[in-house]
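Q: Below is the structure, and that's it, no one-letter string:
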């Protein structure tokens with residue numbers, strides 16, 4: 001494969017030198033196709049099949065389920081829109097966030113972003129380790145002993161963390177080829193699952209409730225898709241030439257993420273009737289393995305491994321930028337070692353000590369997401385303008401929304417005092433936090449007067 005010529009500060013197969021500094025015009029390169037493939041590969045995860053099954057579990061008809069998926073996945077437009085400051089300023093998302101949260105307030109926001117990213121890195125490593133162990137078992141007959149689980153973790157960790165260590169140019173290049181090769185193979189594997197669909201039951205399923213069915217299903221889709229990525233959007237647009245039309249940025253990022261996610265979720269939705277345990281399976285990768293013909297099992301596991309690691313690489317790279325924005329004074333490449341210690345240690349605990357811990361860990365990430373939703377509300381107001389508001393205004397607005405969001409959020413480790421009724425079985429708490437923050441911050445903006453144009 002021919003390696004493209006890139007600026008020396010962002011060179012293929014070499015460690016990226018830039019941190020959270022602005023990327024200047026002489027270093028800009030690439031096009032929106034590159035951005036499309038970054039988000040396509042980053043969302044080529046078979047775990048999205050589970051979310052499709054979760055949507056079906058709300059008891060909806062086929063058209064209601066597809067509507068919930070469509071509305072929920074439309075939130076990926078946020079990723080494109082929040083990437084525009086990177087194009088305009090050359091800054092990653094959490095560095096640009098300091099322009100409206102202030103230096104001190106943004107350290108808190110960047111820390112929340114880092115917790116979210118390193119948490120999902122850990123989830124990726126755990127699933128990838130189980131997948132590698134299963135491949136080894138099928139190919140060589142080895143058992144699931146502690147030695148082989150640790151070996152599987154080592155393989156997964158090296159693949160995920162080393163690519164993130166190299167940085168932007170290598171990530172962008174590999175994501176393109178992952179999309180080409182494994183995107184095609186994913187379609188083949190999904191087609192081999194379709195014979196298990198009970199088409200008559202799916203087509204004839206009656207409509208379900210709107211308030212307690214469709215609405216919660218939409219919130220779940222948003223929570224596990226776009227909301228997981230919101231603090232990373234500009235990390236992958238800041239190297240693009242500034243002359244690119246903003247609408248092309250939004251379109252490339254949104255469609256790059258929507259297409260693979262929609263494909264996987266729709267298949268999960270269709271399988272939800274035939275495989276009712278899929279929505280709650282602790283190891284959905286292994287569950288689906290038994291529904292595949294023997295010829296497809298190893299390719300399926302390899303695709304699952306590469307797809308989930310492609311998302312993990314983005315998490316690891318962006319977590320490093322968030323850590324720098326939080327005030328850690330080390331080169332970007334060294335932040336990977338901090339992530340490695342924490343994510344590998346947590347993964348070892350799950351793999352060797354308590355497999356049930358993963359549910360509590362995912363519950364913790366749900367609480368972190370309740371802190372991210374109010375940040376999104378403020379970030380959206382500051383995509384194209386730099387407000388006259390102080391960092392205190394943003395921080396106070398965020399705190400009000402975050403408290404109400406947590407109060408209406410229900411997880412396996414925490415139930416807010418207002419998380420009752422529909423809030424207990426949905427992700428509506430995130431929307432409460434978002435809406436309250438947006439209202440408070442917008443009123444504050446109106447009182448402060450006109451905004452200034454976005455500084456370069």
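A: That came through fine. Quick caveat, the model's predicted, so the values are computed rather than measured.
Q: Mind jotting down where the strands sit in the protein?
A: 385-386, 452-453 (DSSP state E).
Q: between the ones you listed, which has the poorest average model confidence?
A: Ranked by mean pLDDT, those bottom out at strand 452-453, with a mean of 56.
Q: longest helix of the protein?
A: helix 98-140 (DSSP state H).
Q: Check which helices and strands that one sits against.
A: Using 3 or more CB pairs under 8 Å, 6 or more residues apart in numbering; DSSP states H and E, the elements in contact with helix 98-140 are helix 93-96, helix 146-166, helix 284-289, helix 294-325, helix 332-352, helix 357-381, helix 391-407. C-beta coordinates here come from the backbone N, C-alpha and C atoms, glycine included.
Q: okay, those helices, which one's buried deepest?
A: Highest mean neighbour count among the helices and strands packed on helix 98-140 (mean count of other CB atoms under 10 Å): helix 93-96, with a mean of 29.
Q: pLDDT (mean, whole number) over that helix?
A: Helix 93-96 comes out at a mean pLDDT of 97.
Q: What is it packed up against?
A: Helix 93-96 is packed against helix 84-89, helix 98-140, helix 294-325, with contacts defined by 3+ CB pairs under 8 Å, 6+ apart.
Q: Of all those helices, which one is nearest residue 49?
A: The closest of those to residue 49 is helix 294-325. By CB to CB, the value is 9.9 Å.
Q: picking that back up, okay if I get the helices and strands packed on helix 93-96 as TSV plus distance to residue 425?
A: Below are the helices and strands packed on helix 93-96 laid out as TSV (distance: least, CB to CB, whole Å):
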stretch	distance to residue 425
helix 84-89	35
helix 98-140	22
helix 294-325	26
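Q: I'd like to know which of these is closest to residue 354.
A: helix 98-140 (11.7 Å).
Q: angle of the closest one against helix 332-352?
A: Orientation note: helix 98-140 sits at an angle of 50 degrees relative to helix 332-352 (axes from the mean of the first three to the mean of the last three CA atoms, to 10 degrees).
Q: quick one: helix 98-140 to chain centroid distance?
A: Relative to its chain's centre, helix 98-140 lies at 9 Å (CA atoms, centre = their mean, to the nearest Å).
Q: just stretch 274-293 next, same as before
A: Relative to the centre of its chain, stretch 274-293 is centred 22 Å away, using CA atoms, centre = their mean.
Q: what about that stretch, how long is it end to end?
A: One end of stretch 274-293 sits 16 Å from the other (CA to CA, to the nearest Å).
Q: re the thing from before, which one of the helices and strands packed on helix 93-96 lies closest to residue 78?
A: Shortest separation from residue 78 across those is recorded for helix 84-89, at 11.1 Å, computed as CB to CB.
Q: Do me a favour and average the pLDDT over that closest one.
A: What helix 84-89 shows for mean pLDDT is 96.
Q: Which other helices and strands does it contact?
A: Using 3+ CB pairs under 8 Å, 6+ apart, helix 84-89 sits against helix 93-96, helix 246-271.
Q: Identify whichever of those helices lies nearest to residue 34.
A: Nearest to residue 34 among the helices and strands packed on helix 84-89 is helix 246-271; the distance by CB to CB comes to 8.5 Å.
Q: Show me the shaky parts of the stretch 201-350 of the chain.
A: For the stretch 201-350 of the chain, no stretch has pLDDT under 70.
Q: Out of the helices and strands packed on helix 93-96, flag the one nearest residue 242.
A: Closest to residue 242 of the helices and strands packed on helix 93-96, according to CB to CB: helix 84-89, at 6.1 Å.
Q: Return the distance of the closest one from the chain's centre.
A: 20 Å.
Q: Where does the prediction get shaky in the stretch 351-456 of the chain?
A: 356-357, 386-388, 449-456.
Q: could you redo the last one with a cut-off of 80?
A: 355-361, 385-389, 448-456 (pLDDT under 80).
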